[in-house]
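Undergrad: Need coordinates for the below:
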Amino acid sequence: QTQLTDDRFGRPNRAFDFDGNNSGVYLPIGSGFNSSVDSLSVSLWAKVRDPLRGTLFEQGSEEDLGRDILAFADSNLTSKLGGAVFVKAISNMDVWRHYSITYEVTKGAAHRNFYVDGQLFGSDSNGTLEDSSLDFILGRDVQGNRPLEGSLDSVRIWRRALSSVQVAALYQIESVNPTP
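TA: You can find the predicted model right below:
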């Protein structure tokens with residue numbers, strides 16, 4: 001079950017908490033984004049209780065083919081946005097951390113940058129793009145195989161690839177508690 005919980009600053013009912021039992025939040029805006037032609041950036045804060053599995057942000061596609069935009073598997077940050085799989089080990093997921101992905105499509109190829117706490121964590125390019133244009137999902141994948149056990153806060157989506165300077169600035173701005 002998905003419930004409201006304290007955000008990263010301890011303010012009540014401002015973040016989503018996922019119990020790891022296939023609950024999710026559906027965002028009916030993903031159909032306007034096709035990963036084979038559209039650029040995208042996603043930014044969110046997450047506190048993960050089970051680092052072995054969990055989808056932070058997903059886009060559905062054809063039956064049985066979701067696109068994990070940001071997920072975890074066996075203590076690795078993973079992504080299948082655009083087709084190719086990105087996997088890199090990550091630690092300290094049980095505290096609030098800022099995760100961002102920028103995805104820029106130009107001339108039939110895509111470049112992905114992954115950021116953790118405002119710093120570049122990894123990047124890759126892909127020349128074989130796959131269509132995906134169904135709705136976005138927070139906290140689970142389209143098949144229900146990797147439900148998140150943890151919390152999400154301040155999820156933001158852009159229809160363009162943010163620059164590294166913009167991602168770093170976003171992290172700095174969002175790291176400061178807005179209430180005295």
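Undergrad: make it CA atoms for all contacts and neighbour counts henceforth
TA: OK.
Undergrad: Which helix or strand in the chain has the lowest average pLDDT?
TA: Ranked by mean pLDDT, DSSP states H and E, the weakest helix or strand in the chain is strand 67-73, scoring a mean of 86.
Undergrad: Can you list the strands that it pairs with?
TA: Taking DSSP bridges as the criterion, strand 67-73 forms sheet pairs with strand 53-59 (antiparallel), strand 76-79 (antiparallel).
Undergrad: just the ones you listed: most buried one?
TA: strand 53-59 (a mean of 28; mean count of other Cα atoms under 10 Å).
Undergrad: contact partners of that strand?
TA: Contact with strand 53-59 is made by 20, 30, 46, 66-75, 132-142, 146-149, 152, as judged by Cα atoms under 8 Å, 6 or more residues apart in numbering.
Undergrad: before we move on, what about stretch 104-118?
TA: With Cα under 8 Å, 6+ apart as the test, stretch 104-118 has contacts from 36-40, 82, 97-103, 120-129, 160-161, 167-172.
Undergrad: That one: end-to-end distance?
TA: Length of stretch 104-118, first residue to last, Cα to Cα, to the nearest Å: 18 Å.
Undergrad: Please name every helix or strand in contact with the strand or helix carrying K88.
TA: Using DSSP states H and E, K88 falls within strand 86-89. Secondary-structure packing of strand 86-89 (3 or more Cα pairs under 8 Å, 6 or more residues apart in numbering; DSSP states H and E): strand 76-79.
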